[in-house]
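A.B. asks: Just the structure for this:
(chains A, B, C, D, E and F)
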Number of protein chains: 6
Amino acid sequence: MTEENRYARGWDKLKEIDGQAGERVIESLKDIAPDLGRYVIEFPFGDVYSRPGLDLKSREIATVAALTALGTAAPQLKVHLHAALNVGCTRTEIVEIMIQMAVYAGFPAALNGVMLAKEVFAERDDRESG
Amino acid sequence: MTEENRYARGWDKLKEIDGQAGERVIESLKDIAPDLGRYVIEFPFGDVYSRPGLDLKSREIATVAALTALGTAAPQLKVHLHAALNVGCTRTEIVEIMIQMAVYAGFPAALNGVMLAKEVFAERDDRESG
Amino acid sequence: MTEENRYARGWDKLKEIDGQAGERVIESLKDIAPDLGRYVIEFPFGDVYSRPGLDLKSREIATVAALTALGTAAPQLKVHLHAALNVGCTRTEIVEIMIQMAVYAGFPAALNGVMLAKEVFAERDDRESG
Amino acid sequence: MTEENRYARGWDKLKEIDGQAGERVIESLKDIAPDLGRYVIEFPFGDVYSRPGLDLKSREIATVAALTALGTAAPQLKVHLHAALNVGCTRTEIVEIMIQMAVYAGFPAALNGVMLAKEVFAERDDRESG
Amino acid sequence: MTEENRYARGWDKLKEIDGQAGERVIESLKDIAPDLGRYVIEFPFGDVYSRPGLDLKSREIATVAALTALGTAAPQLKVHLHAALNVGCTRTEIVEIMIQMAVYAGFPAALNGVMLAKEVFAERDDRESG
Amino acid sequence: MTEENRYARGWDKLKEIDGQAGERVIESLKDIAPDLGRYVIEFPFGDVYSRPGLDLKSREIATVAALTALGTAAPQLKVHLHAALNVGCTRTEIVEIMIQMAVYAGFPAALNGVMLAKEVFAERDDRESG
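C.D. replies: I've put the predicted structure just below:
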């Protein structure tokens, strides 16, 4: 497989999962670190999310859980809260993941995660009613 | 609901999910911090894992992802690798979660997670062939 | 003990320690994750802060130290800086905790903690002179 | 004040708080990074722990809480569990700090902290009965 | 060596490396924790950055890498992005460090680091064209 | 460029930098997660370490600093302490990086880093005298 195929596969996967939020991330890298943008497309999306063996909804559950627990990646968690909803997670399921993270990373991690989910849910309500 | 019911519900859930590994954790707390053992049963298992809204397999995917990403909870990650397999995750799915964590927490987190998965898979092979 | 008692005990303790800041956190969860709000009242406040064996001032010293060291919980650290002052810590003691965290979590953690303390002290000065 | 005074003050404070465990840390640095050993004596002990404004017992409560929450400093947490007991914390108070860290850093942090406390309490029982 | 010399040496080193950004940090501590400001000058700058054995450019590479990986020190990372450029790192080298941190701390750490670099580069462009 | 070229370039770079330690990591993944082994070769080594813009010695300074600061990657830090020495860092420079991490991630991170460096230096002394 050529790198061109890998990039194309990653770009399709990024658009399928993250939608416009993902494209904006790549866009923001263009003038400072375009190669990092290319790697984001190639490795996470072209390689990892394109793998069989775990369905996309489960992959987003894992990502939302991990980013909530780490607590150092608010912009990326917002992108993946949209992504989780895009690939079939319900709002209830997302809130359940946040509550569960109180057990493994403490209540502050869960509370900060819920506040970001609240922002994302409001953005989607605005968009739908817009 | 009384605390007695909550404890009983948590204890049942702990045994369903974590099996003997979970019971050993509670046992090890008896002589030093028995109330922490009681809280482990009541809050994570009696409250959180007993909630509707997210199935047990998805809950374990979230926990395995979070503990792999944090990288500070090897003993608990081992318990939950057993738990994930107990509630229906395949070995392939677990390895996929680990690979995905390379994206969000770096390759060392993924590599250390895979090494723990290797230990857990071997423990289960030993048990089955024992 | 019934869950109702536990909730009531937690709610009293939350108001004693965190005051209005704690109530605002619970309020903000009402429309998205009311059960997480209930758990905050029941487990940290109804269970943990209500325990004998460590006085409230020492408990807040532990919380302020931990949240400063983790560096991922600015909103919760602000709540607990108010809480620490509410249960008898002096401003000097709080600054000492921050300075000490430079040793265990690095100077950035200490500096970020001090900047939050500065905000909290100013909020209380405003309130008193208001 | 000269650096010589600062070093002497730090060394006295280190011995007062950490006892032999602290001296062993400095000893282990002699052949690889003696200056780091000198800085440990001068800055944490000569500067920080020698400050007025927060009593030694409260300082050790802060340190034990922070290291338990961080989860990346097992050897240092063991030294400071001894130190906390040396300056007046009871075993009960230490277990209470650990339980409280479940709230702020998650149950794995609390469980790993309790297991280290168990080791430290056993070391002290051995020493006393030895 | 007296503490007065150490402070003077640290202050000179702070100004050499961090420039006005470093002075502003010390200034902001004056009314709340002046001793923490003094320690920042004495220990990191008077002691550590003044040591032989590693050149200043390599020291800033280490600091930028560590703060990007930790992800909890945005204000300090901005100061040290300026510092790195002050002591001879090129913008390209800084972007390379960020890209490399994707490997060790995950893509969110790298992306957040690049966004801060973008702000710092713009501040310097403004200053030069101002 | 084809993926085959990328893999070959990564494998050469891995051997140049990490030597046998790197090969052992890939070997250990063969029976559980061979694709993760392939990604380690392709992305960190084939893509990142093969980039111009930052020399290999500076890259290893960044990696050693980041892994020491994170404190969750002891096996990988050992590999990269060997790697740093392989590409031209002196033992003194490595100890300086560790000391500097006390400033940014706290003394425990620095102390644990130094203890790993001590092990690595001893392994190399044994090898040379063997």
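A.B. asks: Can you report how many residues neighbour residue A:42?
C.D. replies: As a burial measure, residue A:42 scores 23 neighbours (other CB atoms under 10 Å in any protein chain shown). Any C-beta I mention is one placed from the backbone N, CA and C, and that applies to glycine too.
A.B. asks: should've said residue A:90
C.D. replies: By other CB under 10 Å, the residues close to residue A:90 number 12.
A.B. asks: Relative to residue B:52, how far out is it?
C.D. replies: Distance of residue A:90 to residue B:52, computed by CB to CB, to the nearest Å: 12 Å.
A.B. asks: Nearest residue to residue A:30 in space, please, no chain neighbours.
C.D. replies: Closest residue to residue A:30 apart from its sequence neighbours, by CB to CB, 6 or more residues apart in numbering or on different chains: residue A:37 at 6.6 Å.
A.B. asks: May I have the helix or strand hosting the one you found exported as CSV, CA atoms only?
C.D. replies: Assessed by DSSP states H and E, residue A:37 sits inside helix A:34-40. Presented in CSV, the C-alpha positions along helix A:34-40 are these (Å, rounded to 0.1, in the frame of the first residue of the first chain):
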residue,chain,number,x,y,z
PRO,A,34,1.4,20.7,8.2
ASP,A,35,3.3,17.4,8.6
LEU,A,36,1.6,16.9,12.0
GLY,A,37,-1.7,17.4,10.3
ARG,A,38,-0.7,14.8,7.7
TYR,A,39,0.4,12.4,10.5
VAL,A,40,-3.0,12.9,12.3
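A.B. asks: Isn't residue A:97 up against residue A:65?
C.D. replies: Yes. In this structure residue A:97 lies within contact range of residue A:65 using CB atoms under 8 Å: 5.3 Å.
A.B. asks: Return every residue with contacts to both of these two.
C.D. replies: residue B:62 (CB atoms under 8 Å, 6 or more residues apart in numbering or on different chains).
A.B. asks: Please list all residues in contact with residue A:11.
C.D. replies: A:41, A:45-46 are the contacts of residue A:11 under CB under 8 Å, 6+ apart.
A.B. asks: which phi and psi does it have?
C.D. replies: phi -60, psi -40 (degrees, to the nearest 10).
A.B. asks: mind checking how far it is from residue A:17?
C.D. replies: 11 Å.
A.B. asks: same deal with residue A:45?
C.D. replies: As defined by CB to CB, residue A:45 lies at a distance of 7 Å from residue A:17.
A.B. asks: one step back: reformat the contacts of residue A:11 as CSV; add neighbour count, distance to chain C and pLDDT.
C.D. replies: Putting those into CSV (neighbours: other CB atoms under 10 Å in any protein chain shown; distance: CB to the nearest CB, whole Å; pLDDT from 0 to 100) gives the following:
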residue, neighbour count, distance to chain C, pLDDT
A:41, 24, 28, 97
A:45, 24, 26, 97
A:46, 24, 30, 97
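A.B. asks: Switch those residues over to CSV; also include distance to chain B.
C.D. replies: Converted to CSV, these look like this (distance: CB to the nearest CB, whole Å):
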residue, distance to chain B
A:41, 12
A:45, 9
A:46, 12
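A.B. asks: what's the longest helix in chain A?
C.D. replies: Longest helix in chain A, counting residues (DSSP state H): helix A:107-129.
A.B. asks: Now do it: everything it contacts.
C.D. replies: Residues contacting helix A:107-129 (CB under 8 Å, 6+ apart): A:64, A:68-69, A:71, A:74, A:77-78, A:81-82, A:85, A:91, A:94-95, A:97-102, C:25, C:28-29, C:31-33, C:36, C:39-40, C:44, C:67, C:70, C:72-73, C:75-76, D:103-104, D:106.
A.B. asks: filter these down to the ones close to chain E.
C.D. replies: With CB under 8 Å from any CB of the partner chain as the criterion, those include C:70, C:72 near chain E.
A.B. asks: Among the contacts of helix A:107-129, the buried ones, what's the PyMOL command?
C.D. replies: Buried residues among the contacts of helix A:107-129 (16 or more other CB atoms under 10 Å in any protein chain shown), as a PyMOL selection:
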select buried, (chain A and resi 64+68+69+71+74+77+78+81+82+85+91+94+95+97+98+99+100+101+102) or (chain C and resi 25+28+29+32+33+36+39+40+44+67+70+72+73+75+76) or (chain D and resi 103+104+106)
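A.B. asks: now, which of the contacts of helix A:107-129 lie within helices?
C.D. replies: Counting by DSSP H, the contacts of helix A:107-129 place A:64, A:68-69, A:74, A:77-78, A:81-82, A:85, A:91, A:94-95, A:97-102, C:25, C:28-29, C:36, C:39-40, C:67, C:70, C:75-76, D:103-104 in helices.
A.B. asks: Is it possible to get a markdown table of the contacts of residue A:11 that adds distance to residue A:122?
C.D. replies: Below are the contacts of residue A:11 laid out as a markdown table (distance: CB to CB, whole Å):
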| residue | distance to residue A:122 |
| --- | --- |
| A:41 | 29 |
| A:45 | 27 |
| A:46 | 32 |
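A.B. asks: Tell me the confidence at the residue nearest to the spatial centre of chain A?
C.D. replies: Centre of chain A computed as the mean C-alpha position; nearest residue by CA atoms, centre = their mean is residue A:80, 2.0 Å away. You'll see residue A:80 listed with a pLDDT of 98.
A.B. asks: Which residue, neighbours along the chain excluded, lies closest to it?
C.D. replies: Residue A:80 sits nearest to residue A:63 (CB to CB, 6+ apart), 4.8 Å away.
A.B. asks: pretty sure that neighbour is touching residue A:79, no?
C.D. replies: No. Counting by CB under 8 Å, residue A:63 stays clear of residue A:79, with 9.5 Å between them.
A.B. asks: out of those two, which sits in the more crowded spot?
C.D. replies: Per other CB under 10 Å, whichever of residue A:63 and residue A:79 has more neighbours is residue A:63, with 29 against 24.
A.B. asks: returning to that earlier point: tell me, what's touching residue A:11 and residue A:17 both at once?
C.D. replies: Common contact partners of residue A:11 and residue A:17 (CB under 8 Å, 6+ apart): residue A:45.
A.B. asks: coming back round to it: OK, contacts around the residue nearest to the centre of chain A?
C.D. replies: With contact set as CB under 8 Å, 6+ apart, residue A:80 has these partners: A:18, A:60, A:63-64, A:67.
A.B. asks: Also residue A:73?
C.D. replies: With contact taken as CB under 8 Å, 6+ apart, residue A:73 is in contact with A:67, B:104, E:71, E:106, E:108-109, E:112.
A.B. asks: can you redo the residues you listed as a markdown table with pLDDT?
C.D. replies: Listed next are the contacts of residue A:73 as a markdown table, based on pLDDT from 0 to 100:
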| residue | pLDDT |
| --- | --- |
| A:67 | 98 |
| B:104 | 98 |
| E:71 | 98 |
| E:106 | 98 |
| E:108 | 98 |
| E:109 | 98 |
| E:112 | 98 |
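A.B. asks: Only alpha carbons, please: show the host helix or strand of residue A:4 as PDB.
C.D. replies: Element membership for residue A:4, per DSSP H and E: helix A:3-17. What follows is helix A:3-17, C-alpha atoms only, in PDB (Å, rounded to 0.1, in the frame of the first residue of the first chain):
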ATOM      1  CA  GLU A   3       1.400   6.400   1.500                       C
ATOM      2  CA  GLU A   4      -1.100   8.100  -0.900                       C
ATOM      3  CA  ASN A   5      -3.700   5.400  -0.300                       C
ATOM      4  CA  ARG A   6      -3.100   5.600   3.500                       C
ATOM      5  CA  TYR A   7      -3.600   9.300   3.500                       C
ATOM      6  CA  ALA A   8      -6.800   9.000   1.400                       C
ATOM      7  CA  ARG A   9      -8.100   6.300   3.600                       C
ATOM      8  CA  GLY A  10      -7.300   8.400   6.700                       C
ATOM      9  CA  TRP A  11      -9.000  11.500   5.300                       C
ATOM     10  CA  ASP A  12     -12.200   9.500   4.500                       C
ATOM     11  CA  LYS A  13     -12.200   8.000   8.000                       C
ATOM     12  CA  LEU A  14     -11.500  11.400   9.700                       C
ATOM     13  CA  LYS A  15     -14.500  12.900   7.800                       C
ATOM     14  CA  GLU A  16     -16.700  10.000   8.700                       C
ATOM     15  CA  ILE A  17     -15.900  10.200  12.400                       C
END
